[in-house]
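A.B. asks: Quick one: sequence plus predicted model below, questions after.
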Amino acid sequence: MSTVAAIDPRHVAGQRLRERVFRGATFLAALLVLALLGGVALSLVVGSWPALARFRLGFLTREIWNPVTDQYGALAPVYGTLVTSLLALALAIPVSLGIAIFLTELAPRWLKRPVGMAIELLAAVPSIIYGIWGLFVLAPILQRHVQPWLIEWLGPLPFIGRLFQGPPYGIGVLTASFVLAVMVIPFISAVMRDVFETVPEVLKESAYGLGATTWEVIWQVVVPYARTGVIGGIMLGLGRALGETMAVTFVIGNAHRIGSSLLAPGTTISASIASEFEEAVGDLYTSALVALGALLFLITFSVIAAARWMLRRLERRALSSV
């Protein structure tokens, strides 16, 4: 009797049924994700429609935010969100890159594990702890030592001097950016470290065999090979910075205005929603806050889409060069 004939037809039918059930369950799970995303987007559009219908494009271009007269504009929160996130990335990327390179290429074995665990623990710290640390530790240090120095030495300079003028409040956009940078460093450095560890040893050994220095191996072999993952880690940190709420609320000052100085208080979309949603009285006030949430959703979605597009271009370029 052949092996095929010995197979029980009922067993085959059962396998096919289980396979169909499994495939259907996974398909439903994928549809559930899309349904949840669509539901969130729809609820944000419905909730923000009264404010958008009344102010229209002016909601995006106006700086005013006055609940007493029911006049609202999202320009200041959007500006604060983008500035703090981009400045946090500018501070975090060099540090994260240095940490990842040190752990994968330069650190002795006895030091790699403790430093790696410390990075993972920093990523697990709740955001409210960072906010308390920023308010009671970082802000006084910046107010007494860092901001006076910036005002004295960088304030008189042309062009960039406007970014460092005004009284040293301690809290403000710069302080919030520092806190965000500390918060995103563990995420970016962890992703970069994992990506650098995937670089084949044969590539590095070949470069060393050709006489390359450690610096040349890192910047001409390791970083180019892992650039797609590096960009992915940076985008992950940017998404984390854009949506941060409590830590920023503690230290940014929550002022609905756009200041030319980074030392001045400001606000972000998430901080505005967190600090005002409980006190929102009236349908228009609530709708304006929901509209801020819709803008944050759109900004985050755009960042993720841009990251995916950039990564695909890099992958195609890498495949075409092979």
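C.D. replies: Perfect, I can see it now. Given the structure is predicted, the values throughout are model-derived calculations rather than measurements.
A.B. asks: all strands of the stretch 51-200 of the chain, in order?
C.D. replies: 65-66, 71-72 (DSSP state E, counting those that start in this stretch).
A.B. asks: Which elements pack onto the last one?
C.D. replies: To tie it back to what came earlier, the one meant is strand 71-72. strand 65-66, helix 283-321 (3 or more Cβ pairs under 8 Å, 6 or more residues apart in numbering; DSSP states H and E). (C-beta placed from N, C-alpha, C; glycine too.)
A.B. asks: With mean pLDDT, distance to Thr267 and mean neighbour count added, can I get these in a markdown table?
C.D. replies: Listed next are the helices and strands packed on strand 71-72 as a markdown table, based on pLDDT from 0 to 100; distance: least, Cβ to Cβ, whole Å; neighbours: other Cβ atoms under 10 Å:
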| stretch | mean pLDDT | distance to Thr267 | mean neighbour count |
| --- | --- | --- | --- |
| strand 65-66 | 94 | 9 | 15 |
| helix 283-321 | 86 | 10 | 15 |
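A.B. asks: So which of those is nearest Ala41?
C.D. replies: Nearest to Ala41, of all those, is helix 283-321, at 6.8 Å by Cβ to Cβ.
A.B. asks: So which elements touch that closest one?
C.D. replies: Using 3+ Cβ pairs under 8 Å, 6+ apart, helix 283-321 is in contact with helix 9-55, helix 58-61, strand 71-72, helix 75-101, helix 227-243, helix 269-276.
A.B. asks: For Phe297, which of the ones you listed is the nearest?
C.D. replies: Nearest to Phe297, of all the helices and strands packed on helix 283-321, is helix 9-55, at 5.8 Å by Cβ to Cβ.
A.B. asks: In CSV: the strands of the stretch 51-200 of the chain, plus distance to Asn254.
C.D. replies: Below are the strands of the stretch 51-200 of the chain laid out as CSV (distance: least, Cβ to Cβ, whole Å):
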stretch, distance to Asn254
strand 65-66, 11
strand 71-72, 15
